[in-house]
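**Q** With the sequence up front, the predicted model follows.
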Amino acid sequence: MSEYQVKVNEATYMVQGPEGFLGAFGTNFWRSWVCPLYTPSGHNVVQEFPFDHPFHNGVFVGQNPVFCGEREANFWAFPVKRKHGDALMEKQGRMDPQGKPEFEFGSRGVRFTLTSIWRDQNEEPILNERRIVRFRALPGATECTIISEKTAAYGPVTFGKTKFGSIGVRVEPRLLPKLGGRVIGVRDGELAYGSADEVASGKDVDAVAYEADIPGVGTLGVCLTISMNSASDSNRGPWFIRDYGMAMFNATQDAPITLAEGESWEACLRVLAYEGPLQTTWFSK
């Protein structure tokens, strides 16, 4: 009998572990994402969306621009209008789920699998994606691993050089520097504290974290590490990290990625929702 359970409430797939709820995976007409993501004692460390960026959704995958032949599509924003003439609202595509998420239990927790067709604004297919999301409980932390495998099934695909990609997190506001939190960059086991630009954004680091000492709660944090990027030999970035809570492993920040028809690009981000000060021993678990 597994220590884990999945409880379904309409489109929300809630994961319960040995000590309580770990988080949830779900999907809608436009995209799929993880939210909430709880620490072991039940504190959420990601934001489903901020007021001014309704398309920054918990732990999510996004990309803009994406080209298939002469066609261009935007898989970063989706049609929640922010203002008149918003340039991010152009050429909007969607990640069309092919059925419901499938899930299975194992020694490493719960694994979800969902296949989606990424379609342009005219509903024409651009690429296929297989999304794998895993949850498991660790001592002092909840682990969520997201794998996105994109396949150029309908012709060559180019993911343009951009700040709008590829897998990341919108951080819970209480962890942010303006509200008393701190950004942490980790390299070779050494922790550096400072602003996002000082310690993480654009840096070759092994991990990035946001952490705060919250009155009446204790120390909470969220930590990101890159587990895989088939387009690069390095797992140290590129990182697009902002003090306002956008934390992205952005594989296309410095250069585009191009796939021939039939080729795939696979990337994986590991996210820890943790309690107490960040421990580098978690990275090898």
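**A** Great, that's in hand. Please read these numbers as outputs of a predicted model, since none were measured by experiment.

**Q** all strands for the stretch 151-285 of the chain, in order.
**A** 157-170, 182-187, 190-194, 207-214, 218-229, 239-241, 246-249, 257-259, 264-275 (DSSP state E, counting those that start in this stretch).

**Q** what's the angle from the last one to strand 207-214?
**A** If I follow you right, that is strand 264-275. Comparing the axes of strand 264-275 and strand 207-214 via axes from the mean of the first three to the mean of the last three C-alpha atoms, to 10 degrees yields an angle of 30 degrees.

**Q** for strand 264-275, the distance to its chain's centre please.
**A** 7 Å (C-alpha atoms, centre = their mean, to the nearest Å).

**Q** And stretch 61-79, by the same measure?
**A** That offset, for stretch 61-79, works out to 17 Å (C-alpha atoms, centre = their mean).

**Q** could I get stretch 102-111 in PDB with only the CA atoms?
**A** Provided in PDB are the C-alpha atoms of stretch 102-111 (Å, rounded to 0.1, in the frame of the first residue of the first chain):
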ATOM      1  CA  GLU A 102      -2.400   9.900 -15.600                       C
ATOM      2  CA  PHE A 103      -0.800   9.100 -12.300                       C
ATOM      3  CA  GLU A 104       1.000   6.200 -10.600                       C
ATOM      4  CA  PHE A 105       2.600   5.500  -7.300                       C
ATOM      5  CA  GLY A 106       6.100   4.300  -6.600                       C
ATOM      6  CA  SER A 107       9.000   4.300  -4.200                       C
ATOM      7  CA  ARG A 108       9.700   7.900  -5.200                       C
ATOM      8  CA  GLY A 109       6.200   9.200  -4.500                       C
ATOM      9  CA  VAL A 110       3.600  10.100  -7.100                       C
ATOM     10  CA  ARG A 111       4.300  10.600 -10.800                       C
END
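
**Q** Let me see the residues that make contact with it.
**A** 2, 4, 6, 13, 15, 17, 22, 112-114, 132-137, 143 (C-beta atoms under 8 Å, 6 or more residues apart in numbering). C-betas here are computed from N, CA, C, even on glycine.

**Q** so where is the stretch 1-150 of the chain shaky, pLDDT-wise?
**A** In the predicted model, the stretch 1-150 of the chain carries pLDDT under 70 at residues 1, 81-82, 88.

**Q** Would you map the strands across it?
**A** Ranges of strands within the stretch 1-150 of the chain are 5-9, 12-16, 21-27, 32-37, 59-68, 71-75, 94-97, 102-106, 109-119, 125-138, 141-151, based on DSSP E, counting those that start in this stretch.

**Q** between the ones you listed, which one is nearest to residue 246?
**A** With C-beta to C-beta as the measure, strand 59-68 is the member of the strands of the stretch 1-150 of the chain nearest residue 246 (10.8 Å).

**Q** List the strands paired with that closest one, with their directions.
**A** As defined by DSSP bridges, the strand partners of strand 59-68 come to strand 32-37 (antiparallel), strand 71-75 (antiparallel), strand 157-170 (antiparallel).

**Q** returning to what we had before: in ChimeraX, how would I select the buried members of the contacts of stretch 102-111?
**A** A single ChimeraX command selects the buried members of the contacts of stretch 102-111 (16 or more other C-beta atoms under 10 Å):
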select :4,6,13,15,17,22,112,114,133,134,135,136,137,143
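
**Q** Which one of the strands of the stretch 151-285 of the chain lies nearest to residue 74?
**A** With C-beta to C-beta as the yardstick, what comes closest out of the strands of the stretch 151-285 of the chain is strand 157-170 (8.1 Å).

**Q** List the buried residues in that closest one.
**A** Neighbour counts over strand 157-170 (16+ other C-beta under 10 Å) mark 157, 158, 159, 160, 162, 164, 165, 166, 167, 168, 169, 170 as buried.

**Q** wait, the first one sits on residue 63?
**A** Same thing as residue 157. No: taking contacts as C-beta atoms under 8 Å, residue 157 lies outside contact range of residue 63: 10.2 Å.

**Q** in the sheet, who's paired with the residue lying closest to residue 269 once chain neighbours are set aside?
**A** Once flanking residues are discounted, residue 269 sits nearest to residue 167: 4.3 Å by C-beta to C-beta, 6 or more residues apart in numbering. Residue 167 has these beta-bridge partners by DSSP bridges: residue 61, residue 249.
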